[in-house]
Every structure is written in structure tokens, then in C-alpha cells.
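1. Got a sequence here, can you build the structure:
(chains A and B)
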Amino acid sequence: SQQGEEDPQALSIQEGENATMNCSYKTSINNLQWYRQNSGRGLVHLILIRSNEREKHSGRLRVTLDTSKKSSSLLITASRAADTASYFCATDKLSDKLIFGTGTRLQVFP
Amino acid sequence: GAVVSQHPSRVICKSGTSVKIECRSLDFQATTMFWYRQFPKQSLMLMATSNEGSKATYEQGVEKDKFLINHASLTLSTLTVTSAHPEDSSFYICSASPSPTAYGYTFGSGTRLTVV
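-> From the prediction side, this is the model:
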């Protein structure tokens, strides 16, 4: 079953622009994670934000978490063509099982 | 660190045959591994939790007799798709972590299964 949904489902931007993806989830969580997947490949862990954190940065990535709204956002600043991929949020349902959102397909045009 | 290796990356098999997929943690021990299935342009669906030395825990709707999981050592879990049918064609991915709350999960590169 899906824990949450992401929007938009697809996003197309030009290099240099910022990309924002949103994730909503349904149940209480320990933490929320964001992953990236290039077409036909495995997933790469990007960032983990704990339920008691509100914002986290890693390079060009900025993640926010609002547990009252059960939502998170991933911001990629100064996007590059190499950022083209699918991005998934995932939450653990208090049991270490990761449940994924529906994903956002990001296309960055050079 | 935290490397997960999955093999094979692609496999084509005939209907009715069985296919085994391996997932190995190369530089850490994994008492728990997870198996996911992904259809084209869709998200990952958790199939089962593989537990070293004990039975796997399957998610609702996943046939345990169809998808056999064995986790005989701290570095290896296998998923066997038995009596494969074309509808079993999918992308299967495993994951594990030395410390989920600290590092998140590391995923294998996935296995593209095509049943003809």
C-alpha cells in the first residue's frame, strides 16, 4: 500500500531553475526520507529528516517537514540536467519498513 | 560504505519456470532486508521483509508461496519467483541498512524480470 502521495506527478523545468516537490503522508512517522531514482535503476538515498526536525539542508537540497500537516517538501536549487530523475518520499511506519510515495518525475532541460 | 549488490540485473525466463534473485550486503551485516516491486512509471510497493534466520513477513496481498524469500545469512537474502507468469514481469529491488535512522536505506540496482 502507498503511504502517501506526491505532487506534482511530473515537473519540467529549465536548468538553473528551482524544483519543488511535495509529499503528503497518512500515519505517524519516525522520519521521512527522500530518494532519487534514475530510469531503470536502483534508488539513491538523498536526505533523512526526523519527525522532530522541521528543515534540513544538504548541498542544493532543502527538505522541510510539517508533522501537523503530515507533509514534506523537497527543494532542489539551481537545477542541472543531471538532476533529471524520479524523486520519491518514503516514511517508516514505526517498524523500519519504508513505504514510498507515488513519486515525482523531474525533467530538467539544458 | 553500505553497499548492497543485487544480481542478476536482468533476466528473461519462460512461463512456469522459477527465477532466483540475490541481494547481498557487501560491507555490513543485515539482519533485515526488504524486497520491493515496481511497475513502469510507478512507485515501489513493499512485498516483504526478509529476516535473517526466520520466516519473512509478507505484505497483504503478496503470495508467500509465489515469492519465496530466504535469508540464510547476515549478508544474503534471496527472492525466488516460482512458476513465473507474464504478469510477474516487473522490476524487483531489495534494500538494507546498517542503521536506518542514521543513514537511510541502501538499495540494490534492481532486477528487471521478463516472463515470456
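2. Around chain A, pick out the residues from chain B.
-> B:6, B:32, B:34, B:36, B:41-46, B:49, B:59-60, B:91, B:93, B:95, B:100-110, B:112 (CB under 8 Å from any CB of the partner chain). (C-beta placed from N, C-alpha, C; glycine too.)
3. Buried subset of the residues you listed as a PyMOL selection?
-> Of the residues of chain B next to chain A, the buried ones go into a single PyMOL selection, burial set by 16 or more other CB atoms under 10 Å in any protein chain shown:
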select buried, chain B and resi 6+32+34+36+43+44+45+46+49+59+91+93+95+100+104+105+106+107+108+110
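4. Show me where chain A has its strands.
-> Using DSSP state E, the strands of chain A run over A:4-7, A:10-14, A:19-25, A:31-37, A:43-50, A:55-58, A:61-66, A:71-76, A:85-92, A:98-100, A:104-109.
5. Mind putting those into TSV with distance to B:Cys23 and mean pLDDT?
-> Formatted as TSV, the strands of chain A follow (distance: least, CB to CB, whole Å; pLDDT from 0 to 100):
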stretch	distance to B:Cys23	mean pLDDT
strand A:4-7	25	81
strand A:10-14	30	96
strand A:19-25	26	95
strand A:31-37	17	94
strand A:43-50	13	93
strand A:55-58	27	96
strand A:61-66	27	98
strand A:71-76	27	97
strand A:85-92	18	93
strand A:98-100	15	87
strand A:104-109	26	96
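6. Chain B: which of these is closest?
-> Closest to chain B of the strands of chain A is strand A:43-50 (CB to the nearest CB; 3.8 Å).
7. and the angle for the closest one with strand A:31-37?
-> Strand A:43-50 and strand A:31-37 are oriented at 160 degrees to each other (axes from the mean of the first three to the mean of the last three CA atoms, to 10 degrees).
8. now the angle between strand A:71-76 and strand A:43-50, please.
-> Using the same axes, to 10 degrees, strand A:43-50 lies at 130 degrees relative to strand A:71-76.
9. No further questions, thank you.
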